[in-house]
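Engineer: Coordinates for the following, if possible.
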Amino acid sequence: MKRYLSGIDWAMNSLDHAAKARSGIGHISQVVLELDGEIDSAVLRRALYGFLRQFPLLGGRARRDLNLCPYWKVPDKKLIPHPRLSMIRAPEEPGVLPPLEAQINTPFPAEWEHLSFTLLRSGARNFLAMTFDHRILDARGAETLLDYFQRYYQKNGFPDVRQAEPPHLDHWKEKFQAGRKVNRMFLSLTREASRSFPVSWKSRVCKLKIAHLAPAQADLFVENAYAQAGYLMLMPYALARSVQVMHRIFAARHIPGRVYLIPVSIDARLPEKSGEQLFFNHLSFLFFKIEADKVHDFALLLASIKEQMYAQVKNGLPEALTQASLLLRIVPLPLTDFFMKISSRKILPAFAFSFVNSAYSGDGFMGRGVRNIFHLPRVPNPPGVGIFLNQFKGRINLTLSYLEGVLSEEEAQGILRELQDTGHEQ
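Structural biologist: Below is the predicted model:
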């Protein structure tokens, strides 16, 4: 059976095509493990080759079948090359971020390459970074792949991974009903002018800032979230904090618009099928509409975000989006990019946002302890700015990703500084 692409996968291919057309760099991201010691590069290279060659789709590319459904053309297993692995020694100052930033500003050299690895040492600190093509892995999938590699390395085994997917050319009535539901949602978002940053279509360089909340600081962040938003309501709390921080920049610049529109990616995996859902994108989205003149009241802002989240989940919007997106697979990628440019004139997000819970289950990696795991995604254009949080074993990492020229250095530093201030809500 072939690996046919889902609607969400086709959307990611569209983002990738648009990104390459504008900047030469696809829709890529990076997951980074901070380790408590160095890893032998030769041992890592051999182990990676033995592990990754079990998944021929890692050398594939998107094609369209005779039934017009896009699929992932998989090469013969014998043609899988050794993974690219580089070693970098970076000075303690300015640290690890510049070389990691350079990785997401460097395109993969060939259409069939979707992964690369970097061993990085800065002073006494050691890191393993995996840069990945977002068409074939999402954030949790990337962590899961490294988790399965660790199990392979320890000879512990890992769950079966599904590498085939049917075309889903059925249940058309349900798909069109889902499409109507999604269309009504988007129409409701476009009734008022939205605020967004002016971003050039030719913006190429992606800048990164990151802050790591130590366990004590992360505990306070969680306590504040539970106290103000409710148990396990970390995402709404973090989003509300982010909206307030970004609002101050929009207001200071006098950027017009009455509302903020914020897409939030959510994990759509079924817990009982997590092993099968390793590769490609198992995502959906929630969409939040925030009135700019109500952002100053944190309690009111938080209540609005929770209310919208509950309403969309109750209405089945994430599932409807997954179903409706299957209808878009007939559209060729160049036309999809054209439609995205046209539609973006009506609905422009203020920034992208996500909160990822770690999928890495182990405490170590190839005999070295894992101190932290964080993500460095390349933000799409638009919106040109993204705030991405992830949790790992008592830590919270805050990543700001933005295209060069969208934010000043002072603004970017200020965003991270305010988000880290766990004692500051307005």
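Engineer: so Leu261 touches Phe351, yeah?
Structural biologist: No: counting by C-beta atoms under 8 Å, no contact exists between Leu261 and Phe351, whose distance comes to 9.5 Å. Every residue, glycine included, has its C-beta placed from N, CA and C.
Engineer: Quick check on the two: which one has the bigger neighbour count.
Structural biologist: Neighbour tally, Leu261 and Phe351, criterion other C-beta atoms under 10 Å: the higher count belongs to Phe351, 28 against 21.
Engineer: ok, the closest residue to that one other than its chain neighbours - contacts?
Structural biologist: Residue nearest to Phe351 in three dimensions, not counting chain neighbours: Val385, with 4.3 Å by C-beta to C-beta, 6 or more residues apart in numbering. The neighbours of Val385, taking C-beta atoms under 8 Å, 6 or more residues apart in numbering as the test, are Phe197, Met246, Ala350, Phe351, Ala352, Val379, Leu400, Ser401, Tyr402, Leu403, Val406, Leu407.
Engineer: For the helix or strand hosting the second one, buried residues please.
Structural biologist: Right, Met246. If you go by DSSP states H and E, Met246 is part of helix 234-253. Residues of helix 234-253 classed as buried by neighbour count (16 or more other C-beta atoms under 10 Å): 234-250.
Engineer: next helix or strand past that helix?
Structural biologist: strand 259-267.
Engineer: and that next one, what does it pack onto?
Structural biologist: Contact partners of strand 259-267 among helices and strands, from 3 or more C-beta pairs under 8 Å, 6 or more residues apart in numbering; DSSP states H and E: helix 234-253, strand 283-291, strand 352-357.
Engineer: Run through who's touching that strand.
Structural biologist: Against strand 259-267 from outside (C-beta under 8 Å, 6+ apart): 138, 140, 189, 192-196, 235, 239, 243, 246-247, 250, 282-292, 295, 318, 347-357.
Engineer: Give me the residue at the spatial middle of this protein.
Structural biologist: Ala139 (5.4 Å; C-alpha atoms, centre = their mean).
Engineer: Would you quantify the distance from that one to Ser29?
Structural biologist: 7 Å (C-beta to C-beta, to the nearest Å).
Engineer: tell me, what's touching these two both at once?
Structural biologist: Common neighbours of Ala139 and Ser29 (C-beta under 8 Å, 6+ apart) are His375, Pro377.
Engineer: Can you pull out the low-pLDDT segments for the chain?
Structural biologist: 1, 77-81, 271-275, 336-346, 422-426 (pLDDT under 70).
Engineer: Break it down into its domains, please.
Structural biologist: The record's domain parsing of the chain by automatic domain parsing lists 3-153, 172-420.
Engineer: circling back: neighbours around the closest residue in space to the residue nearest to the centre of the chain that isn't next to it in sequence, how many?
Structural biologist: Leaving aside its sequence neighbours, Ala139 sits nearest to Val356 (C-beta to C-beta, 6+ apart; 4.9 Å). Residues lying near Val356 (other C-beta under 10 Å) number 25.
Engineer: got the contact list for Val356?
Structural biologist: Counting by C-beta under 8 Å, 6+ apart, Val356 touches Ala139, Arg140, Asp267, His375, Phe388, Leu389, Asn390, Gln391.
Engineer: In helices, which of these appear?
Structural biologist: Ala139, Arg140 (DSSP state H).
Engineer: Separate out the buried members of the contacts of Val356.
Structural biologist: The buried subset of the contacts of Val356 (16+ other C-beta under 10 Å) comprises Ala139, Arg140, Asp267, His375, Phe388, Leu389, Asn390, Gln391.
Engineer: residue ranges of the helices in this protein, please?
Structural biologist: 7-23, 41-52, 97-104, 139-153, 172-189, 215-229, 234-253, 298-314, 317-325, 333-343, 409-420.
Engineer: pull the CA atoms of the last one into PDB?
Structural biologist: Coordinates of each C-alpha in helix 409-420 appear next as PDB, following Å, rounded to 0.1, in the frame of the first residue of the first chain:
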ATOM      1  CA  GLU A 409      16.300  43.100  18.900                       C
ATOM      2  CA  GLU A 410      14.800  45.200  21.700                       C
ATOM      3  CA  GLU A 411      11.300  44.000  21.000                       C
ATOM      4  CA  ALA A 412      12.300  40.300  20.800                       C
ATOM      5  CA  GLN A 413      14.300  40.500  24.100                       C
ATOM      6  CA  GLY A 414      11.300  42.200  25.700                       C
ATOM      7  CA  ILE A 415       8.900  39.500  24.700                       C
ATOM      8  CA  LEU A 416      11.000  36.800  26.300                       C
ATOM      9  CA  ARG A 417      11.600  38.800  29.400                       C
ATOM     10  CA  GLU A 418       7.900  39.400  30.000                       C
ATOM     11  CA  LEU A 419       6.900  35.800  29.300                       C
ATOM     12  CA  GLN A 420       9.500  34.600  31.800                       C
END
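Engineer: elements contacting it?
Structural biologist: strand 206-213, helix 234-253, strand 395-403.
Engineer: which residues does the residue nearest to Pro70 when sequence neighbours are not counted contact?
Structural biologist: Leaving aside its chain neighbours, Pro70 sits nearest to Leu5 (4.6 Å; criterion: C-beta to C-beta, 6+ apart). Contact partners of Leu5, counting by C-beta under 8 Å, 6+ apart, are Asn13, Ala62, Cys69, Pro70, Tyr71, Trp72, Glu165, Phe280, Arg329.
Engineer: Filter those residues down to the ones in strands?
Structural biologist: Among the contacts of Leu5, the members falling in strands (DSSP state E) are Ala62, Pro70, Tyr71, Trp72.
Engineer: burial count for the third one?
Structural biologist: I take that to be Tyr71. For Tyr71, the tally of surrounding residues (other C-beta under 10 Å) stands at 21.
Engineer: And the residue nearest to Ala139, how far from Pro215?
Structural biologist: Counting by C-beta to C-beta - Val356 and Pro215 are separated by 18 Å.
Engineer: now do Arg46
Structural biologist: 35 Å.
Engineer: same check, this time on Tyr153
Structural biologist: Tyr153 is 27 Å from Pro215, by C-beta to C-beta.
Engineer: Fine by me, thanks again.
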